[in-house]
Structure formats: structure tokens, C-alpha cells
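Colleague: no sequence on hand, only this structure:
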């Protein structure tokens, strides 16, 4: 409890020390403040967009495991010298699949929060994004069950189906943004 109180005190102290003074009757300061707020929103929006593209990259990386498992024999027939590379890549993706998926869900949620903070409104496009994140989260929960029951094909089909539908919503979200 003492550590928590010390942290709260430290945060309050830092907030008080670094807070800018506000002059209620100064019009020039108000213009400066509005300009500063505009720049801050722009930075938050840019950060949100970066997180959105990070979500796309992480989702693609996690989804590559599915494609590689289905087509590894095809790739090894075309490039017999590359067989060790594809096997190594398959092992690597299998090892990191759950972590990459968790990162994708986290990035998607952070993207949504930052973009809402920047824009301050929810339109149809944002709702489509929320549905995509919700489906990704549901797929992550099903994926955790799948990790314990790897041979259950119905759980695997549910996991992939939820992600397919989520991917469709993600594409609509990106195209119409």
C-alpha cells in the first residue's frame, strides 16, 4: 500500500511541476492552446493509423501459418533447395503464432481507442472495425481452447471461420476509411 501511495504522490508531483500555466483572459494563449490541441489530435490520429497498419501486419504474419501449412509441400516441390528454409519458417511461425495473434488483437484494440480519441465520433466504419476486433477476440478465445485440444477439427474450423469473417470486416474497414 505504501508503494502505491508513493507512486500516486510521484505522479501528482510530476503533473504539477510540468503543467503549463493557464491565463483565463489571454486571447493569444487561447489561440496557442487550440493550435496545440490540434497538433496533439493529429499526432494521436497518426499513432492510431500506425497501430492499424501494425494490426494488419501482425494478422498477416499469424495467418501465414495457415497458408504455409497447406502449401509447404507445393513450395518444397518448386524449390527443393528451399525445403530447410520452409521447414524452419513453419516451425518458427508455429512457435510464435499465439503470441503474434495476441499482439494483433492488442494492436487492433489500441488502434480503435486512439482513433476514437482523435476523432471523437463513431461512424459506420468504426462500428465495422469494432465488429472485426470483437471477432478477432472471440477467435483468440477459441484459439486458446484449440491450443489445449489441437486435434479437434470443429474448434479449428470455428477459429478459422471467425478469423475469416473478421478479415472480411477488416478489409471493409480499411477500404472505406
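Modeller: Right, received. Where do you want to start? The model shown is predicted, which means the values in this text are computed figures rather than measured ones.

Colleague: need the longest helix for this structure.
Modeller: helix 27-78 (DSSP state H).

Colleague: which helices and strands does that one pack with?
Modeller: helix 83-119, helix 153-175 (3 or more C-beta pairs under 8 Å, 6 or more residues apart in numbering; DSSP states H and E). The way it works is simple: take the backbone N, C-alpha and C, and place the C-beta from them, glycine included.

Colleague: what residues does the residue most central in space within the chain make contact with?
Modeller: Centroid-nearest residue in the chain: residue 107, 1.8 Å away (criterion: C-alpha atoms, centre = their mean). Contacts for residue 107 (C-beta atoms under 8 Å, 6 or more residues apart in numbering) come out as 51-52, 54-55, 58.

Colleague: which of these has the most neighbours?
Modeller: Sorting the contacts of residue 107 by how many neighbours each has (other C-beta atoms under 10 Å) puts residue 55 first, at 26 neighbours.

Colleague: which residues of this structure score low on pLDDT?
Modeller: Applying pLDDT under 70 to the chain flags residues 1-40.

Colleague: surely residue 55 touches residue 109?
Modeller: No. At 9.0 Å, residue 55 and residue 109 do not qualify as touching, with contact defined as C-beta atoms under 8 Å.

Colleague: re the thing from before, distance to residue 94 added to the contacts of residue 107, as CSV?
Modeller: As requested, these are exported to CSV (distance: C-beta to C-beta, whole Å):
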residue, distance to residue 94
51, 26
52, 27
54, 22
55, 21
58, 16
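
Colleague: wait, which of these is closest to residue 128?
Modeller: For the contacts of residue 107, the residue nearest residue 128 by C-beta to C-beta is residue 52; the value is 12.8 Å.

Colleague: that closest one against residue 111, yeah?
Modeller: Yes. If you go by C-beta under 8 Å, residue 52 and residue 111 touch, sitting 4.3 Å apart.

Colleague: fine by me, we can end here.
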